[in-house]
Each structure stands twice: as structure tokens, then as C-alpha cells.
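Chemist: Predicted model and sequence below, questions to follow.
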Amino acid sequence: MRNSHLTLRIFIWSLTLGMVACTDKTETLSFPPISDYAPLTIGKYITYRVDSLVFTNFGRNTEIHKYQMKHVVDALFTDGMGRPSYRIIRYISDSTASTPWQPDGTYYITSVGDQLEVVEDNLRVIKLHQPLRAEYIWKGNRFLPTDPYEPLYNFSNDDAMVDWEFRIDGDPTTFSHRGITYNNVLTVDAVDESFNIPITTPTVYASRSRSVERFSKGIGLIYREHELWEYQPNTGGSGGPYKIGFGITQWMVDHN
């Protein structure tokens, strides 16, 4: 009887120690820093091939303009909110980069705290946000004004851009485009909406809103697709149907 009581006590002590050991363990989750997917150093550059979707002849014709752009980290400065920011200079050449590079504007990147902001044409967007984990969501356009592309584009695609939910689409993986494969790619999906696309009924309104960006570890942005346009059948007006908006697809072809 005494042995059975001793065995029972030993069992209870072991169970109690096991429970204490389990409660003392805490799981620490670690996520990569934003700098892994958006490295910023003066002199760094990325060159992109670009396909630009434009509508000409008052929106009746659709054209794809092809060229190359080089984005160069030019200088570190302090922005209007006292934060360290990087000035990026864009240069443009033809589709084979055989003509001299010409300056084509600037924009700014600020990496502070838990987010990466890009300010271009006075539009401020949070491109990346911690934690960099699958399915994390944030309001990347929350600093944009109402109808940010007006008066240049008088369409409905930008009416609710402030509500877009930027989402990290899965874990980093490989990505291929136009015969080029990129590794350790993090995908940020912002919007993917279509109505009457392809346009099977020409007498009915149509629209397309698509925005996705892909970042490669140690490199930065390697792919971007930003397409916003609508089709107006204009059934009661002169001149016939037309499209208004734009689209851009760019992919990295070189970097240092």
C-alpha cells in the first residue's frame, strides 16, 4: 500500500512539473524586416521594362507604349515631417535602352517604424507594412485624397481607393515573367476587380481595376501591375464608345 502511495505521488509531481514546463514556454514569431524587401542605399538602381497602356483618339484607340526606366536612389534628406527619406530619380530610354537615359521625374521613399511609404505626384501610399507575413492586411491608400487621379482621369475607378485592402499574398516564392525568374518574392495584392471584361456586350459599361506589386528579397520591387480604366458605351452621345484611364506593367531587367 505504501509503495502504491509513493508511486501516485511521483506521478502527480511529474505531471505538475510537466505542466509548469509547458506554461514557461513562449513561442516567439520572427518576421523579416522591411529592409530585406526594400533595401535603400545611395547609388542603388533597378532598371525596368515597361508596357504602358494608353487610350488615344479620345479613347477610341488602345495602344501599348514600350520603354525602359531606371530608378536610382539619389540622396538622403529629411521630409516635411522630420523623417529620413530617400529621393529616387527616374530615367527613361527606349525599349532596348539604346538611346541615352533622360531624367523623367522624382519620387520619395520613407521607411520608418513598421511601414514603407512612397510619395509620387503628391500621392502617399504605404507599400509595405509589418509584419511581413502571409495574409496580413493594411489600408495602404489611407492617405490618398478622394478621387486622387482627377482631373487627369475622370473615371470611377479611384472613387474608393482609400478603402483598398493591401494583402500579402502567401509566403515568399519564385515568380516568373517574360522568361525571367525571380526568387524569394513577396507579393502585395491591392485590388483585382473587373466588370464586363472582356467586353462581350459593347452597349454595357465595363471597368478594370488591378494593382499588384512584387518585391524580391535583397533587391526591392521587381514587378508592378497597376491598371485602372473604364469603358463608356456612350450610346446616347456622338462619337461612339470610348475608354478612359491607364495601365502600367513593369518588370525588373537589371539592378546593382
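Modeler: Yep, it's here.
Chemist: and residue 39, which of the three is it?
Modeler: When classified by DSSP: H, G, I helix; E, B strand; the rest coil, residue 39 comes out as coil.
Chemist: Contacts only, for it.
Modeler: 218-220 (Cβ atoms under 8 Å, 6 or more residues apart in numbering). Glycine gets a C-beta too; all of them are placed from N, C-alpha and C.
Chemist: which stretches of the stretch 101-250 of the chain form helices?
Modeler: In the stretch 101-250 of the chain, no helices are defined using DSSP state H, counting those that start in this stretch.
Chemist: Any idea what the spatially most central residue of the chain is bridged to?
Modeler: Central residue of the chain (Cα atoms, centre = their mean): residue 213, 3.4 Å from the mean position. As for beta bridges, residue 213 partners with residue 188, residue 224 under DSSP bridges.
Chemist: Cross-check the contact I'm expecting between it and residue 248.
Modeler: No - counting by Cβ atoms under 8 Å, residue 213 stays clear of residue 248, with 11.2 Å between them.
Chemist: Switch the contacts of residue 39 over to CSV; also include neighbour count and distance to residue 190.
Modeler: Shown next, in CSV, are the contacts of residue 39 (neighbours: other Cβ atoms under 10 Å; distance: Cβ to Cβ, whole Å):
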residue, neighbour count, distance to residue 190
218, 12, 23
219, 20, 20
220, 21, 17
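Chemist: Make a markdown table from those residues and add distance to residue 46 and pLDDT to it.
Modeler: Shown next, in a markdown table, are the contacts of residue 39 (distance: Cβ to Cβ, whole Å; pLDDT from 0 to 100):
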| residue | distance to residue 46 | pLDDT |
| --- | --- | --- |
| 218 | 12 | 96 |
| 219 | 7 | 97 |
| 220 | 6 | 97 |
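Chemist: Which of these sits closest to residue 91?
Modeler: Each of the contacts of residue 39 was scored against residue 91 by Cβ to Cβ, and residue 220 proved nearest at 16.3 Å.
Chemist: what separates that closest one from residue 86, distance-wise?
Modeler: Distance of residue 220 to residue 86, computed by Cβ to Cβ, to the nearest Å: 11 Å.
Chemist: Residue 239 reaches residue 232, doesn't it?
Modeler: No - with contact defined as Cβ under 8 Å, residue 239 does not reach residue 232; the gap is 10.4 Å.
Chemist: of those two, who's got more company?
Modeler: residue 232 (16 against 10; other Cβ atoms under 10 Å).
Chemist: Okay, and the beta partners of the more buried one?
Modeler: Applying DSSP bridges, one finds that residue 232 bridges with residue 242.
Chemist: On the pLDDT front, check it for me.
Modeler: For residue 232, the model assigns a pLDDT of 95.
Chemist: With residue 67 instead?
Modeler: 98.
Chemist: Identify the residues contacting it.
Modeler: Contacts of residue 67 by Cβ under 8 Å, 6+ apart are 50, 52, 92-95.
Chemist: what lines up beside the helix or strand where it lies in the sheet?
Modeler: Using DSSP states H and E, residue 67 sits within strand 61-78. When sheet partners are counted by DSSP bridges, strand 61-78 sits next to strand 45-56 (antiparallel), strand 84-93 (antiparallel).
Chemist: Which residues does the first one contact?
Modeler: Think strand 45-56. By Cβ under 8 Å, 6+ apart, strand 45-56 touches 61-73, 95, 97, 178, 219-222, 224, 227, 229, 242-256.
Chemist: One more: the last one?
Modeler: Residues external to strand 84-93 that are found in contact with it (Cβ under 8 Å, 6+ apart): 40, 42, 67-79, 99-110, 112.
Chemist: Buried ones in that strand, by neighbour count?
Modeler: 85-93 (16 or more other Cβ atoms under 10 Å).
Chemist: Kindly report the same for stretch 109-117.
Modeler: 109-111, 116-117.
Chemist: Strands - which of those residues land there?
Modeler: 109-111, 116-117 (DSSP state E).
Chemist: Would you format those as CSV with distance to residue 182 and pLDDT included?
Modeler: Putting those into CSV (distance: Cβ to Cβ, whole Å; pLDDT from 0 to 100) gives the following:
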residue, distance to residue 182, pLDDT
109, 20, 98
110, 25, 97
111, 21, 93
116, 19, 98
117, 24, 98
